[in-house]
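Q: model this:
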Amino acid sequence: MSDELIEYIEARGMIYGNEKASIPREYYLSLIPNGRIYLKYNRILGQRYVGTVSDEQLEQLRARLVGEVATERAKQSASTSVAVAAPAPVKLTIEQELSLLTVSGSKLQLPVQQLQHYDEISQRLSKAGGRYITGRNKHFAFDDGVDCADLLRRLVAGETVNFQQEYQFFATPESKAIEVAEEIRKSLGTLRGKRVLEPSAGTGALANVVRRMGADVVVVEAWNVNAIKLRAQGYEVIERDFLRVTPEEIGTFDAVLANPPFTKNQDIQHVMHMLQFIRPGGALSVIMSTGWLEGKTKMHAQFREFLATQDVTVAAIEAGAFRESGTTVPTVRLDFRNVNAPRAAEDFHYEVESEDVEEETPFAIIME
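A: Here you go, the predicted model:
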């Protein structure tokens with residue numbers, strides 16, 4: 001508690017109990033991860049914003065405090081001839097150590113002191129998409145678009161953050177993207193000059209292939225991190241949840257190709273929504289989970305019944321095809337030809353209930 005801080009408190013009429021001598025006992029400073037400093041009271045609920053320190057000032061402050069502690073301990077050790085046990089180091093929780101990190105743009109800077117829980121902290125930061133950068137200023141770097149201050153707040157609060165899971169982003173391997181594009185090309189005869197949609201576009205694995213084949217590609221992507229990467233590749237991005245986009249807003253297309261989210265039957269919902277964007281006679285090639293093939297819910301049964309009314313084939317995808325993308329969920333590819341969107345909408349009215357289907361009907365569709 002410096003003389004300058006005491007003067008600051010006194011000048012603003014903030015003395016608890018109106019006694020200047022009580023200031024060192026009644027007040028303390030609290031520094032939160034984004035560098036904002038608050039003056040807090042020991043005995044009553046309340047605080048006042050004092051100011052903000054830069055990352056550099058914060059590191060200097062920490063270094064000074066560490067140095068002062070080391071100096072004080074050395075003095076205490078030298079001033080006594082009686083051997084005493086060294087004080088046990090304070091053990092911080094993972095969350096407390098995470099709060100020692102500082103935000104610097106798209107980086108989370110590690111503190112100068114050694115972290116007792118570094119391995120666990122490193123795992124949590126890596127799971128959130130951080131890349132460890134060594135050197136003089138060790139830090140974890142994140143993609144443009146990641147709000148590092150909010151990410152740190154969530155981690156300090158004890159959350160496990162995994163943006164890949166949150167946005168269900170598992171990039172399509174190039175070999176699979178080419179297979180999808182080739183199916184579209186075979187259905188349409190050519191992709192040159194065709195208007196093609198990739199919803200939930202990720203970083204453009206599918207869009208890039210059909211663009212090279214001459215298609216005019218429109219992309220939809222909800223995660224701002226991926227939207228930034230798509231714009232860097234020259235795409236005009238519709239940055240929204242695809243299920244909330246309508247054909248009236250963006251028009252219709254000769255074809256749609258996609259690798260949508262899978263969890264909670266989202267792939268079925270996305271496929272049915274995609275069909276509404278396809279012009280009569282158009283094509284759809286989509287990667288899906290295999291959950292609908294043997295699923296017991298009404299939604300699964302209704303989707304199988306719907307597919308039996310369409311010109312569609314199902315192609316198996318080898319196990320582990322998406323392992324490098326971060327998932328081992330079994331997948332298949334559905335290739336729709338001669339799509340008639342009004343008929344598709346009329347033929348499919350799914351119910352989301354999870355109850356079992358009472359009677360299984362044979363599923364007769366071509367599996368390649």
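
Q: Spit out the contact partners of A141.
A: S106, K107, G130, R131, I133 (C-beta atoms under 8 Å, 6 or more residues apart in numbering). Quick note: C-beta positions are derived from backbone N, CA and C, even for glycine.

Q: so how far is L108 from it?
A: Look at A141 and L108: by C-beta to C-beta, to the nearest Å, they are 8 Å apart.

Q: What is the neighbour count of Y132?
A: Y132: 12 surrounding residues under other C-beta atoms under 10 Å.

Q: scratch that, D119
A: Per other C-beta under 10 Å, the neighbour tally for D119 reads 9.

Q: Mind telling me what element it is part of?
A: Using DSSP states H and E, D119 sits within helix 118-127.

Q: Looks like G35 contacts T102 (just checking).
A: Yes. Between G35 and T102 there is a contact at 7.0 Å, judged by C-beta atoms under 8 Å.

Q: who touches both of those two?
A: Taking C-beta under 8 Å, 6+ apart as the contact rule, G35 and T102 both touch D55, L58.

Q: Of the two, which one has the most company?
A: T102 (24 against 17).

Q: Enumerate every residue touching that one.
A: Counting by C-beta under 8 Å, 6+ apart, T102 touches P33, G35, D55, L58, E59, L108, Q109, P111.

Q: For the second one, give me the backbone phi and psi.
A: Summarising the backbone geometry of G35 under the convention degrees, to the nearest 10, its torsions are phi 90, psi 0.

Q: Break this structure into its domains for me.
A: 3-52, 56-71+90-161, 174-347 (automatic domain parsing).

Q: tell me the mean pLDDT for the shortest one?
A: Meaning domain 3-52. Domain 3-52 carries an average pLDDT of 70.

Q: Compute the first-to-last residue distance for it.
A: 19 Å (C-alpha to C-alpha, to the nearest Å).

Q: and A319, what pLDDT?
A: 89.

Q: That one against T327, yeah?
A: No. Assessed by C-beta under 8 Å, A319 is found out of contact with T327, at 11.7 Å.

Q: that older thread, can you tell me which of the contacts of A141 lies closest to T160?
A: T160 lies nearest to G130 out of those, by C-beta to C-beta, at 13.4 Å.

Q: check contacts around the closest one.
A: L108, F140, A141, F142.

Q: neighbours of the last one, just the number please.
A: For F142, the count of nearby residues is 21 (other C-beta under 10 Å).

Q: could you check the distance from it over to E249?
A: From F142 to E249 the distance is 31 Å (C-beta to C-beta).

Q: Same check on the third one?
A: Plainly put, A141 is 36 Å away from E249 if you go by C-beta to C-beta.

Q: Pipe the contacts of A141 into CSV and attach secondary structure per row.
A: Below are those laid out as CSV (DSSP: H, G, I helix; E, B strand; the rest coil):
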residue, secondary structure
S106, coil
K107, strand
G130, coil
R131, strand
I133, strand
